[in-house]
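In: sequence first, predicted coordinates after that:
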Amino acid sequence: MIRQTVTIWNRAGLHTRPAAAIVKLASKFESEFYIIKEGFRINGKSIIGVMTLAAAQGTTLELEFDGPDEAKAMQVMVDYFGKGFEEEM
Amino acid sequence: MVRPPHKEAKETLRFSGIAASRGIAIGPAYRYERTLLNAEDHQLALNDVGREIERFDTAVQKARQEIEKVRRVAEQKVGTPASSIFEAQMMMVSDEFILSSIRQRIKEELKPAAYAVDFELSSHQHVLEASENATMRDRANDIEDIKQRLLRYLLDRKKWLSKIDVPSILVATNLTPADAILFARSSMLGFAIDGGGVTSHVAILARSLGIPALVALHSASEHIETGDTLILDGERGELIVCPDSETLRGYEQEQSLVLGTGADFGGPLLEAGTSVVRTADGHPISILMNLEFGSEIAIIEAERLSQAVTGTNEEKRLGLGLVRTEHFLLLHDEFPTEEEQNALYKDLADRFFPAPVTLRTFDVGGDKVLSGSYREDNPFLGWRGLRISLDEPDLFLAQLRAILRASVRGNVKIMFPMVTTADELTRALEFVDEAKATLHSNGEPYDERIPIGIMVEVPSAAILADSFVPMVDYFSIGSNDLTQYALAVDRGNDLIASLYQELHPAVLKLICMTAEAGKRGGKPVSICGELGSYPLATPIVVGMGIEEISVSPSAVRSLATRLQLLHYSECKALADRVLANSFSPEDVKRQILQFLSERQLIDIFSETALRPGFGARLIKR
């Protein structure tokens, strides 16, 4: 199991579009994927879960991966967060 | 003249909210309230659990079908970026983690499905509602939409009605994205809601649809009744209820400015003094408007736009490519008399002169003619359109005389709906001759060379278009019905709505056959169905050689913008390629998308409904 801390960079925060993109991205990997915010832990493959994080710009989240392809999954996901979901910062 | 419902001498009220989408709308209010459903808790009997799980799974299935349908409508109305809201909703209603958690509540806690849905989704919703961030709070609305959809099935409630008969400003406490899209299909002039925010999905959709909208009006909706005259000011964020006549006049003037005057609207888009837009390589396409409803307001709106294009009162250039005369009937209970009809038609002909006004004869089903209990098993395949007119000579002749008498200035055209065989047209033309003879003997003037055309919407008419050529002056393709008939799909039927594909190669081939027959016979071919305003379809429609495109007034600007960016020669090559080697709508879409992306036009063609002024700016750049 591996973990990594990320920050929400884009102006609009983790709203519906990036939430959908994250879930789609996560579903490509076998590993389990959780997002932790202030002790609140949600399944990163559940769009409603991800939305419910209500993570605004500047929020710090912890990503947790567990499974055979966890390293690759984490790399891809951290990269997507790092790009501010390819939205306006 | 038919007028919208009007209330007298009610006190003027003003509410301020937030302008979520710019522009000014003036019209009667339509109060829309969808009662929010809640489920009650009780314990299930153990042997009911299996059935309850089954009901839940069916509800999920139905909700998916419904969202898919809305998504498809949205894709056509507002293009892909905005319609992706519904893709996300689809993912939400397919969220296995939530679904299995709901099933678990039913199975292990013996909760009724409705209660389990309500509980589970409400808890997520509450988390979002408690957020400090406005955007996040707005998203709770998306979950509410899904919850209500599921509850409606589980509690056996009726389908939501998302249709307005008279062009109106929708007033509600709240509106879901799906409501916004579905109401936009009928005649929503704008909407004003108590809740919502600028970043809510429904606000985003309003901007994509290009209709003015106000949000965050608090409790304004409580003070408004259906029929109250409203001014929705999306420039200043104000809603005025029952304005006095002076205020109303001021806004009417401003509204025409917001729509754009000749200089900033028509100047760069339409060729001076015509309704013609030229493609980047100079190929002319004429733009016309469809008039949806027979109300004063819809007419004024179209007239303003026509005026805006040329910038003068006298010279209207943007004509009407399709007037659905049967909509005048909606406001009466029975068929209007010849005199009543004549007054309506003449008024239109005068207002739009010298631009053409194409009057389509009544296109109704048999239930409208024989009031009461007349029902058919297959109304779409039944007694409707021209078939009824031919069987009801008195009705038909009265309408034809009313149209002919309105044609004296030479800008009226006749169009017949639902023509299936050449024989029907022959008979219809005999009725026209008879109507002319009556007027002649009464010494009443009419346009002797009034152009007569047919709607091509039944596949037989497209396939044998050549047989109609000698008898008509023009063809107009009704792509909506043509698609339904070609693919045997009732697009109103949720179960099969996904089969309704206007870009199906079979439909395109029928359109192409008609276009070619027109070309061979030297008769112009226009299109007046939704395909005309479907952005992805524009390159193909142009490439097939369609010369006139008639769309709703709100789609004129974006259509003109798209046309100017295309090269006819390239569109023609694309259309030839697509028609030669496509076997599915996906094949067609893939080739169009590739075509657009090679030319860096994807964003513009998917960002359909351009906001006011956007078209003009785009051209200058």
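Out: That came through, no problem.
In: hey, C-alpha coordinates of the longest helix seen in chain A in PDB?
Out: Secondary structure of chain A read by DSSP state H shows that its longest helix is helix A:70-82. Output of helix A:70-82 as PDB, limited to C-alpha atoms (Å, rounded to 0.1, in the frame of the first residue of the first chain):
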ATOM      1  CA  GLU A  70      -0.300   0.700  -7.400                       C
ATOM      2  CA  ALA A  71       2.900   2.500  -8.400                       C
ATOM      3  CA  LYS A  72       1.700   3.200 -11.900                       C
ATOM      4  CA  ALA A  73      -1.800   4.200 -10.700                       C
ATOM      5  CA  MET A  74      -0.300   6.600  -8.200                       C
ATOM      6  CA  GLN A  75       2.000   8.100 -10.800                       C
ATOM      7  CA  VAL A  76      -0.900   8.700 -13.200                       C
ATOM      8  CA  MET A  77      -3.200  10.200 -10.600                       C
ATOM      9  CA  VAL A  78      -0.600  12.400  -8.900                       C
ATOM     10  CA  ASP A  79       0.300  13.700 -12.400                       C
ATOM     11  CA  TYR A  80      -3.400  14.500 -13.100                       C
ATOM     12  CA  PHE A  81      -3.800  16.400  -9.800                       C
ATOM     13  CA  GLY A  82      -0.400  18.100 -10.400                       C
END
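In: list the buried ones in it?
Out: Neighbour-count burial for helix A:70-82 flags A:E70, A:A73, A:M74, A:M77, A:Y80, A:F81 (criterion: 16 or more other C-beta atoms under 10 Å in any protein chain shown). Heads up, the C-betas are built off the backbone N, CA and C, glycines and all.
In: which member of those residues is positioned nearest A:G49?
Out: Using C-beta to C-beta, A:M77 is the member of the buried residues of helix A:70-82 that lies nearest A:G49, at 14.8 Å.
In: for that closest one, which non-adjacent residue is spatially closest?
Out: In space, and not counting its chain neighbours, A:M77 is closest to A:L63: 5.9 Å by C-beta to C-beta, 6 or more residues apart in numbering or on different chains.
In: surely the one you found is in contact with A:M1?
Out: No: if you go by C-beta atoms under 8 Å, A:L63 and A:M1 don't touch, sitting 11.3 Å apart.
In: neighbour count winner among these two?
Out: Comparing A:L63 with A:M1 by other C-beta atoms under 10 Å in any protein chain shown, the one with more neighbours is A:L63, at 21 against 10.
In: look up the closest residue to B:D391, ignoring the ones flanking it.
Out: Distances taken as C-beta to C-beta, 6+ apart put B:W383 closest to B:D391, at 7.4 Å, once the chain neighbours are dropped.
In: could you report the pLDDT at that neighbour?
Out: Looking at B:W383, its pLDDT reads 88.
In: now it: how far from B:V364?
Out: To B:V364, B:W383 is 10 Å away according to C-beta to C-beta, to the nearest Å.
In: between these two, who's got more neighbours?
Out: The neighbour comparison of B:W383 against B:V364 (other C-beta under 10 Å) goes to B:V364, with 21 against 16.
In: my guess is that one contacts B:T325, does it?
Out: No: B:V364 lies out of contact with B:T325 (C-beta under 8 Å); the separation is 9.7 Å.
In: now B:V456: how far from chain A?
Out: Going from B:V456 to chain A by C-beta to the nearest C-beta, to the nearest Å gives 40 Å.
In: and for B:I181?
Out: 16 Å.
In: need phi/psi at that residue.
Out: Backbone torsions for B:I181, taken as degrees, to the nearest 10, come to phi -70, psi -40.
In: B:F183 now?
Out: When read as degrees, to the nearest 10, the backbone of B:F183 gives phi -70, psi -30.
In: dump the residue contacts of it.
Out: B:Y32, B:S162, B:K163, B:I164, B:L170, B:F191 (C-beta atoms under 8 Å, 6 or more residues apart in numbering or on different chains).
In: of those, which are in range of chain A?
Out: The subset of the contacts of B:F183 within reach of chain A, by C-beta under 8 Å from any C-beta of the partner chain, is empty.
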